[in-house]
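Colleague: Quick one, what's the 3D model for this:
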Amino acid sequence: MTGREDKKENDLFFTCSLIDYIARKTKNKRSAVVNTLGKASVSKIYDLADIYHSDNIDRVSDDFIREAGITAGTFDNVASCKYAVPSYWDMGKIYKRLILGIVKEQGLDVVDALFAAYNSFVSDMVDDYNSSFYYEAPQNILNAYLDGKIE
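Modeller: The predicted model follows:
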């Protein structure tokens with residue numbers, strides 16, 4: 001470990017932030033982005049995150065959008081937000097914590113946990129910037145995922 005956090009945790013943070021960046025840029029739900037990217041591309045991003053992190057995120061996102069054939073959607077949670085919009089880095093941190101919690105609690109590998117998180121009802125709740133759910137305590141977000149409901 002060098003720095004404030006484990007290298008692979010930082011790689012996951014970048015991966016989740018890039019997913020959010022791509023989703024905002026293409027106006028797609030985060031689940032649509034990860035599903036269109038597919039497991040191979042998400043694994044590549046995660047494995048090479050330290051390299052991609054050193055490059056311009058706009059160019060990196062363009063490469064993955066083109067390679068995966070991600071088309072423009074109509075989901076724009078940024079434009080519909082009535083309050084301060086969290087950054088894609090903020091959202092990367094939220095998803096990173098959720099995914100690491102899923103790994104710990106369910107024993108999934110990181111990429112499988114990522115797909116589980118983004119394809120859960122919790123993702124829709126986190127991505128509603130007009131609600132307070134996305135800034136709940138990380139354990140509350142994980143508990144909602146694990147319980148399959150909001151308490």
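Colleague: Where does pLDDT dip in this protein?
Modeller: Along the chain, segments meeting pLDDT under 70 span 1-3.
Colleague: how about the helices of this protein, start to end?
Modeller: Here the chain has its helices, by DSSP state H, at 7-26, 30-47, 49-52, 57-68, 88-106, 110-118, 121-126, 138-147.
Colleague: quick one: contacts of the fifth one?
Modeller: Helix 88-106 is touched from outside by 9, 12-21, 24, 30, 86, 108-110, 113-114, 116-118, 122, 126-127, 134, 138-139, 141-142, 145-146, with contacts defined as CB atoms under 8 Å, 6 or more residues apart in numbering. Just so you know, the C-beta spots here come from the backbone N, C-alpha and C atoms, and that holds for glycine as well.
Colleague: Please list only the buried members of these.
Modeller: Neighbour-count burial (16 or more other CB atoms under 10 Å) is assigned, among the contacts of helix 88-106, to 9, 12-21, 24, 30, 86, 108, 110, 113-114, 116-118, 122, 126-127, 134, 141-142, 145.
Colleague: now stretch 129-149, how far from the chain's geometric center?
Modeller: Between the centre of stretch 129-149 and the centre of its chain there are 14 Å (CA atoms, centre = their mean, to the nearest Å).
Colleague: nope, stretch 53-67 is what I was after
Modeller: Relative to its parent chain, stretch 53-67 has a centroid offset of 15 Å by CA atoms, centre = their mean.
Colleague: Could you check that stretch and say which residues are buried?
Modeller: Buried residues in stretch 53-67, counted by 16+ other CB under 10 Å: 53, 57, 60, 61, 64, 65.
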